[in-house]
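In: Below are the sequence and a predicted model; questions follow.
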Amino acid sequence: MNNIDRGTQLRDDILYYLHNIYDDVTHLALTQDFNDDLGQVANALISALALDGLQQQFEPRAHQNHWDETRIMMISYADSIFDETHPPLQVLHHFLNTHLADVVTDVHLLPFYPYSSDDGFSVIDYSTVNPAHGDWRDINQLSREYNLMFDLVINHCSARSQWFTNFIAGSGKGHDFFMTASPEDDISMVTRPRVSPLLKPTETSHGLQHVWCTFSHDQVDFDFTNPNVLIEFARIINLYLENGASLFRLDAVAFLWKTLGTSCINLVKTHEIIKLYRLLIEHKSPKAIIITETNIPNQENLSYFGNANEAHAIYNFSLPPLLINTLVSQDSSALTQWLMSMPPAQNGTAYFNFIASHDGIGLRPAEGLLAPETINELVTTMQDFNGKISWRTAADGSQSPYEINIALIDACRGTHEGEDEWQIARFLCAHTIMLGLEGIPGVYIHSLLGTMNDIERVKNTGQNRSINRHRWEYNKLDTVLNNENSLHYIILDKMKTLINIRQQQSAFHPNATQFTLQLGEHCFGYWRQSMDRAQSVFCITNISKQEQFIRISDVNLISTQTWSDLLSNMVLAQDQQTLTLAPYQTLWLTNR
């Protein structure tokens with residue numbers, strides 16, 4: 001296809017999605033700014049991504065995997081580590097190069113923009129780096145050594161932003177960017193992740209308006225029925241691509257499109273907008289990756305793959321609650337059943353696996369997978385380990401637990417029976433399971449460091465999520481990481497060893513074959529096979545605090561091959577009949 005044909009095809013593809021989104025939409029901006037002509041909107045989107053010069057366009061190829069088994073993402077705030085003399089972004093860069101250069105390939109930089117609340121997710125200005133963190137030069141320097149994932153906080157922005165100030169004034173950029181409704185409208189079906197009122201009364205130059213706030217009253221929701229909002233985020237995407245982004249996390253994207261009388265979550269037009277942004281991004285930067293952050297029930301989450309034309313990767317949100325429940329209940333039944341039901345990701349798509357992040361352990365993704373009484377027991381045990389609970393309001397007005405806020409190392413203190421001596425083994429067991437699964441692994445910086453609950457920060461901020469958002473002073477961190485007896489040294493050393501082993505196995509490619517094993521309630525296992533079928537790895541874990549025995553015949557190892565454990569270097573004898581697993585031990589049995 002020549003350049004002219006490619007340019008025409010791109011415009012036609014954009015128009016296809018624009019018609020799906022806007023054909024039944026009436027918005028004043030569509031008439032006043034675009035003469036009700038979606039062709040003008042398409043042209044504006046092409047210009048926003050600087051794709052109007054044909055030499056700037058790439059032709060994306062379908063079903064291409066932009067990843068392999070070496071990809072490991074670390075999740076961190078820009079200021080998770082700080083000192084008194086350098087911008088935190090430079091301190092983070094130094095920490096990465098000193099301790100993690102041989103294991104981490106990607107860094108998810110949580111929002112580093114000026115913000116007013118929610119630790120960055122209430123953005124005041126999308127175009128600048130928070131001066132307290134550093135500047136664009138620091139971001140660009142980091143991007144030269146690591147693939148960077150930026151947050152595209154696309155559902156809402158800060159009520160203290162200039163855009164919202166212009167909304168109140170009734171003029172200027174942003175004056176028509178925000179979603180409003182009437183208190184008389186039917187909002188009874190709207191899915192809420194919080195307990196605060198949905199509508200925020202706001203005095204404006206046009207009188208009292210009621211602004212839609214899915215999360216908090218400092219986080220005002222955008223109105224994507226206005227195509228100018230769609231175009232503005234295309235400009236932001238282009239800015240981020242030009243400043244080092246190679247991955248985009250679409251924050252809270254499930255809530256993007258609102259239609260009164262519906263749940264206002266996972267609506268069809270939200271999916272169409274994601275597909276449109278993917279189309280634009282791939283023509284600008286063919287290897288860029290979109291990851292959707294949709295903390296919702298499992299089947300709904302899977303829909304964001306589309307037909308390999310929507311998200312490149314989806315957060316595997318059901319994994320954290322199921323895995324933690326498995327370890328504290330010493331019963332793998334729910335985890336095994338869920339893994340058996342998960343479809344393999346098509347080439348060009350992948351699961352993004354994680355156990356901990358800056359947020360809590362989401363409980364909505366466990367709906368339908370764990371019984372309500374099981375969730376309640378999990379919540380109680382996490383509270384016993386000093387965890388906090390965040391709540392949401394259901395459609396009937398009742399409140400239910402939305403997420404558990406706890407540091408992962410503290411979530412592994414014990415079982416439903418209470419605390420015990422297996423905390424570190426249980427913590428490493430969780431990561432060994434996660435690192436072998438189909439998908440791209442993401443590891444929170446505080447999991448790599450074994451950071452414990454920050455109760456003092458919760459008291460200072462009044463926010464439950466602060467419990468897992470500790471800020472390390474670099475010299476203190478350096479001291480504990482140089483002490484071989486400290487918990488933090490032990491955790492980081494063992495995590496790096498696990499990751500290094502994983503990165504050398506072709507059977508752990510994010511799209512390699514996976515098959516779930518049936519090993520009883522006290523063990524959990526799955527089989528991975530490399531895409532060229534040369535390597536097989538059987539991942540077998542004892543998820544209990546009692547020794548477990550597994551008959552080799554139940555695992556179905558090929559008897560003509562030699563099998564060894566990648567983690568202990570143990571070689572199985574040809575006549576060996578049984579595998580013995582210590583509490584929380586994992587075997588990665590490979591045929592090479």
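Out: The structure has been received and is ready for your questions.

In: how about N243, what does it touch?
Out: If you count contacts by Cβ atoms under 8 Å, 6 or more residues apart in numbering, N243 has them with W136, I139, N140, S143. Just so you know, the C-beta spots here come from the backbone N, C-alpha and C atoms, and that holds for glycine as well.

In: What are the boundaries of the helices in the stretch 351-500 of the chain?
Out: Per DSSP state H, counting those that start in this stretch, the stretch 351-500 of the chain carries helices over the ranges 372-384, 408-411, 423-436, 445-448, 455-461, 474-481, 487-503.

In: so how far is the fourth one off the chain centroid?
Out: Centroid separation between helix 445-448 and its chain, computed with Cα atoms, centre = their mean, to the nearest Å, is 15 Å.

In: How about residues contacting it?
Out: Contacts of helix 445-448 (Cβ under 8 Å, 6+ apart): 74-76, 80-81, 100, 355-356, 407-409, 431, 451, 468, 470, 491-492, 495.

In: which is the next helix or strand following the longest helix along the chain?
Out: In the chain, with assignment by DSSP state H, the single longest helix is helix 3-22. Using DSSP states H and E, the helix or strand that follows helix 3-22 towards the C-terminus is helix 28-34.

In: Output whichever helix or strand comes after that next one as CSV, restricted to C-alpha atoms.
Out: From helix 28-34 onward toward the C-terminus, using DSSP H and E, the following helix or strand is helix 38-48. The C-alpha coordinates for helix 38-48 follow below in CSV (Å, rounded to 0.1, in the frame of the first residue of the first chain):
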residue,chain,number,x,y,z
LEU,A,38,-17.4,13.9,11.3
GLY,A,39,-14.9,14.2,8.5
GLN,A,40,-13.7,17.4,10.2
VAL,A,41,-13.4,15.5,13.5
ALA,A,42,-11.3,12.8,11.7
ASN,A,43,-9.0,15.5,10.2
ALA,A,44,-8.6,17.0,13.7
LEU,A,45,-7.7,13.6,15.2
ILE,A,46,-5.1,13.0,12.4
SER,A,47,-3.6,16.4,13.1
ALA,A,48,-3.6,15.8,16.9
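
In: gap between helix 38-48 and the chain center?
Out: Taking Cα atoms, centre = their mean, one finds helix 38-48 lying 30 Å from the centre of the chain it belongs to.

In: between that helix and helix 3-22, how many degrees?
Out: Interaxial angle of helix 38-48 relative to helix 3-22 (axes from the mean of the first three to the mean of the last three Cα atoms, to 10 degrees): 120 degrees.

In: contacting residues around helix 38-48?
Out: 10-11, 14-15, 18-19, 22, 30, 34, 52, 227, 230-231, 234-235, 237-238, 276, 280.

In: go on, stretch 555-564?
Out: 517, 519, 525, 536, 538, 540, 570-572, 574, 579, 589-591.

In: So how do I select the buried members of the residues you listed in PyMOL?
Out: The PyMOL selection below is limited to those of these classed as buried (16 or more other Cβ atoms under 10 Å):
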select buried, resi 517+519+525+536+538+540+572+579+589+590+591
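
In: Point out the least confident one among the contacts of stretch 555-564.
Out: Lowest pLDDT within these is found at Q574 (87).

In: which one is W422 nearest to, not counting chain neighbours?
Out: K545 (5.3 Å; Cβ to Cβ, 6 or more residues apart in numbering).

In: Spell out the secondary structure type for the one you found.
Out: Following DSSP: H, G, I helix; E, B strand; the rest coil, the label given to K545 is coil.

In: Throw the helices of the stretch 351-500 of the chain into CSV and include mean neighbour count and mean pLDDT, thanks.
Out: Below are the helices of the stretch 351-500 of the chain laid out as CSV (neighbours: other Cβ atoms under 10 Å; pLDDT from 0 to 100):
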stretch, mean neighbour count, mean pLDDT
helix 372-384, 16, 97
helix 408-411, 24, 98
helix 423-436, 23, 98
helix 445-448, 25, 98
helix 455-461, 13, 96
helix 474-481, 15, 97
helix 487-503, 18, 98
